[in-house]
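[1] Structure, please.
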Amino acid sequence: MSNFTSVSEAFLVPVTKREDGPPGALVGGVYDQQGQFVEESAFYRTGVKMVYSQPLDTNDVTDKIDFPVMFGGYIYSHFGHFLLESISRLHVAREFPDLPIVWLKDPHLKGWQKLICQTLKLRNEHIFLSNPLRVPNLILGECGFSIRSFFKSYHAEFLGQYSAKTVPGRKIWLSRSKLAEKHGGIENDLEIESLLIEQGWDIFHSQEHSVDRQLEVLATAERIAGFEGSAFHLLILLKDVSAKVDIFPRGPSINPNYEIISETKGFDQEIHFVEMKKISGSGSYSRYIVNDPAELYSRLF
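    Here you go, the predicted structure:
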């Protein structure tokens, strides 16, 4: 059974950017009937709090509804952050399938986000706030995933909805070669992909396909490999990951999320560091060149 808090006479405040906080920090969130910030409505990245309170005079909140709702959280248009953070509380929808879900960030769900909600078999109505709102009761789900920190087993079980039979011999390389340079990447990835194609690997550009198609490809693959990226996070929606997964970091380190996901879901995954030289950019936007593409390919044996 999933975990949640019930907040009576709650106030929900749309979030805005916090100018003096850590990068990406927000102000707004959930408040109780006394106007006190409900800490459980915040989320964390690498242990850093990302949602902060702001002064709230409950008498100024004029919009209200007379039925209970479920807290969705904060919609992110970034594929990885949506999968890991935005839907991290939706596990309570299994217990409250008829409660509307209230979102405090972004005015709508994009098409691909709706497809993810459909994969999770959600039938709840969605409410997007533009003004503070008073509700008689708020179901506030515990955060099921926190970046670089944890992935709750009950949340993993809820997310794992998609299944399909493995296609023997299907080897998928999740390519970043068509992404814009501003997203960072590998300068000689086409050379690497040529080697893979010669050995029977299919080069798959996730961003060119629907969520349904991406799930089908991942679920039926016998091998999945590629340079680290959000495309791998879609594995959390598979009931079982039958493929052997190989991830190559872009640079000298890798975000712990990949290992947290594989350990929680219990699938076979290896992280391979190969020698590469940085040529531009910084952080996740850095570009590298792999010293020896053949050496990289040898790691897949």
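[2] only C-alpha atoms for contact and neighbour calcs from this point on.
    Noted.
[3] does I224 sit in a helix, a strand or a coil?
    Secondary structure state of I224, per DSSP: H, G, I helix; E, B strand; the rest coil, is strand.
[4] All the helices of the stretch 51-200 of the chain, in order from the start?
    For the stretch 51-200 of the chain, applying DSSP state H, counting those that start in this stretch gives helices covering 79-81, 111-119, 153-159, 189-198.
[5] Need the winner for burial among those helices.
    helix 153-159 (a mean of 19; mean count of other CA atoms under 10 Å).
[6] how about a markdown table for the helices of the stretch 51-200 of the chain, with distance to M50 added?
    Below are these laid out as a markdown table (distance: least, CA to CA, whole Å):
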| stretch | distance to M50 |
| --- | --- |
| helix 79-81 | 13 |
| helix 111-119 | 22 |
| helix 153-159 | 21 |
| helix 189-198 | 35 |
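[7] okay if I get these as a markdown table plus mean pLDDT and distance to K17?
    Listed next are the helices of the stretch 51-200 of the chain as a markdown table, based on pLDDT from 0 to 100; distance: least, CA to CA, whole Å:
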| stretch | mean pLDDT | distance to K17 |
| --- | --- | --- |
| helix 79-81 | 96 | 16 |
| helix 111-119 | 97 | 22 |
| helix 153-159 | 97 | 28 |
| helix 189-198 | 97 | 36 |
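[8] Which of those helices sits closest to G266?
    Proximity to G266 (CA to CA) singles out helix 153-159 among the helices of the stretch 51-200 of the chain, at 10.5 Å.
[9] Residues contacting the closest one, please?
    Helix 153-159 is touched from outside by 1-2, 88, 91, 120, 144-145, 236-239, 264-265, with contacts defined as CA atoms under 8 Å, 6 or more residues apart in numbering.
[10] Buried only: go through the residues you listed for me.
    S2, S88, H91, L120, G144, F145, I236, L237, L238, K239, T264, K265 (16 or more other CA atoms under 10 Å).
[11] just curious, which of the contacts of helix 153-159 is nearest to V290?
    V290 lies nearest to I236 out of the contacts of helix 153-159, by CA to CA, at 28.6 Å.
[12] Wait, a helix at the closest one?
    Yes: looking at I236 with three-state DSSP, it is inside a helix.
[13] Could you pull up the residues touching it?
    By CA under 8 Å, 6+ apart, the residues touching I236 are A156, L159, G160, I261, K265.
[14] can those residues go into CSV with extra columns for distance to E19?
    Converted to CSV, the contacts of I236 look like this (distance: CA to CA, whole Å):
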residue, distance to E19
A156, 34
L159, 33
G160, 37
I261, 32
K265, 37
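[15] What is the nearest of those to L138?
    Nearest to L138, judged by CA to CA, of the contacts of I236 is L159 at 22.0 Å.
[16] I'd say S206 and W173 touch.
    No: using CA atoms under 8 Å, S206 makes no contact with W173, being 9.9 Å away.
[17] Surely K182 is in contact with S284?
    No: K182 is not in contact with S284 according to CA under 8 Å; the separation is 9.7 Å.
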